[in-house]
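Student: heads up, no residue letters with this:
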């Protein structure tokens, strides 16, 4: 189902409809500040299993997730003072920061090293969903594994709509996926260059 939501002022009743779908194990496509993502409630095993099937993704390769703010992120990741300063300066923004996971994170969302990827996108729709849901939202690019991300919600609906419960139309997003940066052991390592600028790292 294609659901049009205002990208600047998301309608509360539509956000509630999306959140209800998520709590029931549904999978949605939604906009971020980089490109479109596919997501579910991080605590719904059925939703997570469905995303792995939709993406045709190796189950040993975990997903990142979207948090409401840094306080929320600290519930799921071990955020040192060093990491907090970096994240506070660059979030919300098109970055995924990799940190050691806390015990509350489901095993299906951590690596063998027990790390997690944290996103706080600068996008009104994504943030409205996470805030109303009350805990993080799984995030992975809207595409099948090995294929290019889709930027137009109409194309996502055409290509993947039958596998998704809701495709949110928040406008076309032409960005690249987020830049992934590891902050493990207070060391900065760019794991994937994406939408987020990394020139600031050389200035630290």
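Tutor: Everything's here; your move. Everything numeric here is computed off the predicted structure, so don't read it as measured data. Numbers count the residues shown, from 1 in each chain.

Student: which residues in this structure form strands?
Tutor: Here the chain has its strands, by DSSP state E, at 2-4, 28-31, 36-39, 64-66, 95-100, 115-119, 137-141, 166-169, 179-182, 189-192.

Student: The residue nearest the centre of the chain and residue 13, how far apart?
Tutor: Geometric centre of the chain, nearest residue: residue 139, 2.9 Å, by Cα atoms, centre = their mean. Counting by Cβ to Cβ, to the nearest Å, the gap from residue 139 to residue 13 is 24 Å. Backbone N, C-alpha and C define where each C-beta goes, glycine included.

Student: picking up where we left off before, want to throw the strands of the chain into a markdown table with distance to residue 84 and mean pLDDT?
Tutor: Shown next, in a markdown table, are the strands of the chain (distance: least, Cβ to Cβ, whole Å; pLDDT from 0 to 100):
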| stretch | distance to residue 84 | mean pLDDT |
| --- | --- | --- |
| strand 2-4 | 35 | 97 |
| strand 28-31 | 27 | 97 |
| strand 36-39 | 24 | 96 |
| strand 64-66 | 18 | 95 |
| strand 95-100 | 10 | 97 |
| strand 115-119 | 12 | 96 |
| strand 137-141 | 21 | 93 |
| strand 166-169 | 31 | 98 |
| strand 179-182 | 14 | 97 |
| strand 189-192 | 18 | 96 |
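
Student: closest to residue 150 out of the ones you listed?
Tutor: Smallest distance to residue 150 across the strands of the chain (Cβ to Cβ): 6.2 Å, for strand 36-39.

Student: and the closest one, which strands flank it?
Tutor: Applying DSSP bridges to the sheet, strand 36-39 is found paired with strand 28-31 (antiparallel), strand 137-141 (antiparallel).
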